[in-house]
Each structure stands twice: as structure tokens, then as C-alpha cells.
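1. Build me a structure from this.
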Amino acid sequence: MPATPPPTANNAPVYAVWVLAATILGSSIANIDTTVVNVALPVMQTDLHAAASALQWVIEAYSLFLSALILVGGSLGDRLGRRKVFAAGIGIFAVASMACSLAPNIDFLIAFRAFQGIGGALLVPGSLAIITSCFDESTRGRAIGTWAGFSSITTAIGPVVGGWLVQHASWRWVFFMNVPLAALTIAIVFWQVPESRDWAIEGPLGWLGAVLVTVGLGAIVFGLIQADNLGLTAPLVLIALVLGIVALAAFVFNESRSPSPMMPLGIFRSPTFSGANLLTLFLYGALGGSLYFFPFDLQQVQGASATVAGAAFLPFPIIIFVLSRWTGGLVSRYGAKKPLIVGPVITAAGFALFAVPDIGGSYWTTFFPAVVVLSLGMSVVIAPLTTAVMSALSANVSGVASGVNNAVARAASLLAIAVLGLIVVTIFNSALDTHLADLHVSPRVRHAVIAQRSKLVGAPLPRHISPRLRAQLHRALQQSFVSGFRAAMLLAAFLALCSALFSVWLIDGKPARADS
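-> Next up is the predicted model:
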């Protein structure tokens, strides 16, 4: 039975346009949401009176279910129908987005961010799978290039539009704008996109593995976030971390014995594949963690508007898009190994530059150089990393290889936000204690500030204090956050350098092939 009814000569151009439109819109919804929500977080904190740990869960709840279930989502599409599962993912994402836009409190928002993650796990792998099934080998490469190019453009525009909506309307529009886009996408999907599935797939779906990895990642992230307030040695924190480690170990054991694992462990016999995924874990973790804290520094410390904060990272996708053809040529000229050493080193320099600015100064002389250097480094990495992942294994497991690497990238961000959050909070608290001691504030004022410091630089100050003391305390909060932010950026630089070392040790210039 054919997977997809092929287009005729008369309808092929129209067919191609609509398939690309649906997949670009669908993937863009998920990509835009990932970046735009970060820009809205400082305003959400004020509006919903949220602590820093709760704000982390606004991102982490989404990332947890997306990273843990993305392989299941791809497998469901192959089994049940790619169009059907893709549309279901968009529908879930839209309903959850509507609920998020109406959230009365932070707990409600976090719960439906988790549902957004489930929807994302269904739609994200479906977009590329639909293109692969709907285009033959002669047109597939151009179709994927078009999809990637337009997706990068929408991802670049999204934070700017989202920042403008946050500043001039409400953060709730960041979620609500997904709804009409999702409705349009679903209409195109059922109108013009043909159904396809893999009729040869046998064996049960790996639900047990999905549950174990969700519990494992969720427990570890919960433990790290709780450590912000309770400390790493608190019983609740230790229990959560141990539970997470045990669940992940059980996941590995289950995958090794399952007749149809969602992550075949045999693929890691390739040193290049293992090295590429370790690089992804460390480098994309550093990137995800930095993107989380950067908007807080811009808006709550530097005084930038939400619109400016949304546009501040705009050079990143633009530079990557402009250099994509050139960096793709690096692989054919030098192989994947050298770019995957040089790129992370440049990226590490970019992270280090983020640690330089203090409070105040023009964006163009403070953070713009850091964004440019970081973008140059990542532009060198992306194409060679994809090549290393896909060429390290035989063609019959290329889909699994891509899915695993995608899941690792998203899990990396999930874990990094929790780890860097612990670093930022610990250093913020220590620095704030020092500043309060230097200001010689009264015990009553000190207690009031400390009681609210879980909100970091967004902590409200006591009402009945002099304007001079208020300014001094606000400055102390800002300086304390800058101390934590700098430490997080330096740790991100260290992680990027570690990723370069994995390339040195494990990735070959000519990746060896290995079967699962």
C-alpha cells in the first residue's frame, strides 16, 4: 500500500505549496511559543505575583513533556497517520494556549503549559515527517530547505511581535495568538495534506519508556528547582533527585530489553553519534539556560521594554540564516569534526561576553557584541552537527537518529534552566545578604526584603521606606541578580568548551557508520 498518493503533473505545484504552508505554520507555532514566552516572563511575574521557581516551571512544564514525549509523537504519526497526529497535536496546542491566555494564577498556567508540551510532542516531529512522505527524492531537499528557511524567519519575527504584544496589550496575547494560527493550519491540513503512515511498523508503542523518562527528568528538575529554596541537602530534594536517577536508569534498562524501543541503545555504539549528542546536551543546554535569564536582565535590570527585549536576540536567527549556506559548505571542505571544535569555542566566547556588562549602558555596546559572537559560533555548529548525527548511522535508522538528537537538545534546555537557576538563586541570595549588610538596614526592612527575595530582582520592596532607601534596595536587587547572571553565563561558557572537547575525543572527520 503506498504511503502517500503522489501528486499529478497538473496539481504538483499547488500540492507542494499547501503541504509546505501547513508544515511551516505548524512548526512555527511551536518554535515561536518557545522563544516568545521567555520575553513575557518578567511581566507574568508581576501580574501573577510569582516566585522565580514558579516562573521556571512555566518553561520547564512545557519542555518536560515535549522532550520526554517527542519520540513517542513521531512513532504515533508513523503508526496512526502523520496528518492525523500532526493535526491532533496542533489542536491540543491551541486549546492549551487558549487556557494559558485565560490563566487566573501561576499554577493554572503551569498545568496548561504541560498540555502545550504534549501537543508540541505530537506536532513537532510531524512537520518534517509529512514533508519527507509527501515529496520524492528529487524535490525533498528543496522542500526541507524551504521549510527550514521560512521556519527560521517566523522564529525570528515571533519574539519581536510577542514583545510588542506584551508591552502594548498583555502577556496573555502571547498565548492567544497561537489559536488563529492553529485553526488556519488545521484547515489547510485536512483540505490539502494527504494522509501517510508506515504500514511496516510492528511491535508495541514504547509507553513504559515514555513514562520512565518523563518521571526521571521531571523528578530531577523538581529537585533542582526546590533546591533553590530548601538547599541541595533537604530530604525532599534528595528524594526527588534519587527518584529521577532511578527512573532514568530504569528507562535505560527497559530500552535495552524492549523488542521495539523508542531509543535503540545500539545507535550509541557509534562514537560520532555519541559525541554529537554529548555536544548537543552541553551546548544546547548552555544556550537554553542563557535564553531563559537574558530577558530578566534586559527588562528588570537594564530597564528595556518588552519590545526591545524581544528584538535583542534578533541578530541570532538572522546571522544563522545568512551564513547557513556557507557553514553547510564547511562540512564538505573540512568534515564535521573541525567545525564542531571551532564553533563551540566561539560560542563559549559569546557566553563569556554576556558576563561583562554591568547595569546601564547602550545595548549596542553591552549585549549586542555578545549576541553576534554567540550567533557566529552557533552558525558554525548547526549544519555540521546535523551532518554528524545523520551520517554516523546507516540510512535505515536516520529517522531515529534525528529524533533522538532532537529530544536530547530539548532535554538539555530543560535540565540547564534548572541547574543554572540554582546557581543564579544561590549567588543572588549571597550577594543580597552582603548588600543588605553594607546598607545597614533595620531588621524589619531586612526581614521584609528577604521574605520576598524568592522573586529575585522582581521582589516588591517595603512600602513605608524613604525614596533614597528604596533606590538603594532596588539597586542592591539589581546588582545581586547581575552577580548571579554573570555566574550563569560563565558556566554556560564552560559547558560550551566541554562540548568542543567531546568533538575532539569522539567525532571523526569522516563519521563511521553503525547499525542499531
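2. Quick one: end-to-end distance for stretch 434-443.
-> End-to-end distance for stretch 434-443: 14 Å, by Cα to Cα, to the nearest Å.
3. so where is the stretch 201-350 of the chain shaky, pLDDT-wise?
-> Across the stretch 201-350 of the chain, residues meeting the criterion (pLDDT under 70) sit at 201-203.
4. ugh, typo on my part, it should be the stretch 51-200 of the chain
-> Of all residues in the stretch 51-200 of the chain, those with pLDDT under 70 make up the ranges 137, 141, 200.
5. What segments of it are helices?
-> 52-80, 82-101, 106-134, 137-168, 172-176, 178-192 (DSSP state H, counting those that start in this stretch).
6. which strands and helices sit next to the fourth one?
-> What it means is helix 137-168. Packing partners of helix 137-168 (3 or more Cβ pairs under 8 Å, 6 or more residues apart in numbering; DSSP states H and E): helix 12-48, helix 106-134, helix 172-176, helix 306-312, helix 315-334. To be clear about C-beta, it is placed using only N, CA and C from the backbone, and glycine gets the same treatment.
7. Please tabulate those helices in CSV and include mean neighbour count as additional columns.
-> Shown next, in CSV, are these (neighbours: other Cβ atoms under 10 Å):
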stretch, mean neighbour count
helix 12-48, 21
helix 106-134, 23
helix 172-176, 22
helix 306-312, 23
helix 315-334, 16
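8. Out of the helices of the stretch 51-200 of the chain, which is closest to Gln45?
-> helix 52-80 (5.6 Å; Cβ to Cβ).
9. phi, psi of His259?
-> No His there; residue 259 is Pro. When read as degrees, to the nearest 10, the backbone of Pro259 gives phi -70, psi -20.
10. Need the helices and strands packed on helix 137-168 in JSON lines (columns: distance to Ala234).
-> Listed next are those as JSON lines, based on distance: least, Cβ to Cβ, whole Å:
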{"stretch": "helix 12-48", "distance to Ala234": "24"}
{"stretch": "helix 106-134", "distance to Ala234": "21"}
{"stretch": "helix 172-176", "distance to Ala234": "33"}
{"stretch": "helix 306-312", "distance to Ala234": "34"}
{"stretch": "helix 315-334", "distance to Ala234": "37"}
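11. which one of these lies closest to Ala487?
-> The nearest among the helices and strands packed on helix 137-168, by Cβ to Cβ, is helix 12-48 at 19.4 Å.
12. Now do the closest one and helix 82-101, the angle between them.
-> Between helix 12-48 and helix 82-101, the angle comes out at 20 degrees (axes from the mean of the first three to the mean of the last three Cα atoms, to 10 degrees).
13. Packing partners of helix 12-48?
-> Short answer (3+ Cβ pairs under 8 Å, 6+ apart): helix 12-48 packs on helix 52-80, helix 82-101, helix 106-134, helix 137-168, helix 172-176, helix 178-192, helix 271-296, helix 306-312.
14. For those, give me TSV that also has distance to Ser480.
-> Output for the helices and strands packed on helix 12-48, formatted as TSV (distance: least, Cβ to Cβ, whole Å):
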stretch	distance to Ser480
helix 52-80	12
helix 82-101	30
helix 106-134	23
helix 137-168	25
helix 172-176	28
helix 178-192	35
helix 271-296	12
helix 306-312	20
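15. Out of the ones you listed, the one nearest Val215 is which?
-> Nearest of the helices and strands packed on helix 12-48 (Cβ to Cβ): helix 52-80, 8.8 Å.
16. Would you mark the buried spots in that closest one?
-> 52-79 (16 or more other Cβ atoms under 10 Å).
17. thinking again about what came up before, do you know which of the helices of the stretch 51-200 of the chain lies nearest Gly216?
-> Nearest of those (Cβ to Cβ): helix 52-80, 8.4 Å.
18. Would you map out the domains in the chain?
-> Taking automatic domain parsing as the domain assignment, the ranges for the chain are 8-194, 206-261, 264-516.
19. contact partners of stretch 311-329?
-> Stretch 311-329 is touched from outside by 35, 149, 152-153, 155-156, 159-160, 163, 291, 294, 298, 304, 339, 363, 367-368, 371-372, 374-376, 378-380, 382-384, with contacts defined as Cβ atoms under 8 Å, 6 or more residues apart in numbering.
20. Same question for stretch 433-447.
-> Counting by Cβ under 8 Å, 6+ apart, Val449, Ile450, Pro462, Ile465, Leu469, Gln472, Leu473, Ala476, Gln479, Ser480 sit against stretch 433-447.
21. which residues does the closest residue to Ala352 other than its chain neighbours contact?
-> Using Cβ to Cβ, 6 or more residues apart in numbering and skipping the chain neighbours, the partner closest in space to Ala352 is Ala493 (4.5 Å). The contact partners of Ala493, taken as Cβ under 8 Å, 6+ apart, are Ala286, Ala348, Ala349, Phe351, Ala352, Ala355.
22. Take the residues you listed and write them to TSV, including distance to His435.
-> Output for these, formatted as TSV (distance: Cβ to Cβ, whole Å):
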residue	distance to His435
Ala286	28
Ala348	30
Ala349	30
Phe351	26
Ala352	25
Ala355	19
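23. Pull out the buried residues from those residues.
-> Members of the contacts of Ala493 classed as buried by 16+ other Cβ under 10 Å are Ala286, Ala348, Ala349, Phe351, Ala352, Ala355.
24. Distance check, the fourth one against Gly377.
-> It stands for Phe351. 9 Å (Cβ to Cβ, to the nearest Å).
25. list residues touching both of these two?
-> Ala496.
26. what's the closest non-adjacent residue to Ala40?
-> Per Cβ to Cβ, 6+ apart, closest to Ala40 is Trp171, 4.1 Å.
27. Surely the one you found and Gln45 touch.
-> No: contact criterion Cβ atoms under 8 Å: Trp171 and Gln45 do not qualify, at 9.8 Å.
28. Enumerate every residue touching Gly403.
-> Listed by Cβ under 8 Å, 6+ apart, the contact set of Gly403 reads Ile70, Leu71, Gly74, Pro125.
29. Is it in a helix, a strand, or coil?
-> With DSSP: H, G, I helix; E, B strand; the rest coil as the basis, Gly403 sits in helix.
30. how near is it to Gly158?
-> 24 Å.
31. just Ile267 next, same as before
-> From Ile267 to Gly158 the distance is 33 Å (Cβ to Cβ).
32. more neighbours, those two?
-> Neighbour tally, Ile267 and Gly158, criterion other Cβ atoms under 10 Å: the higher count belongs to Gly158, 23 against 20.
33. Nearest residue to the more buried one in space, please, no chain neighbours.
-> Ile32 (3.3 Å).
34. Pull the contacting residues for that neighbour.
-> Counting by Cβ under 8 Å, 6+ apart, Ile32 has contacts Thr154, Thr155, Gly158, Pro159, Gly162, Asn178.
35. Kindly report the same for Val380.
-> Neighbouring residues of Val380 by Cβ under 8 Å, 6+ apart: Thr327, Leu330, Pro339, Val342, Gly343, Ile346.
36. please redo it, this time with the cut-off set to 10 Å
-> Going by Cβ atoms under 10 Å, 6 or more residues apart in numbering, Val380 touches 320, 323, 326-327, 330, 338-347.
37. does it count as helix, strand or coil?
-> Three-state call for Val380 (three-state DSSP): helix.
38. okay, and for the stretch 401-516 of the chain, where does confidence drop off?
-> Residues of the stretch 401-516 of the chain that meet the cut-off, pLDDT under 70, sit at 509-516.
39. Thr155: how many residues sit nearby?
-> 21.
40. what's the pLDDT at the closest residue to it other than its chain neighbours?
-> In space, and not counting its chain neighbours, Thr155 is closest to Asn31: 4.5 Å by Cβ to Cβ, 6+ apart. Reported pLDDT at Asn31 in the predicted model: 80.
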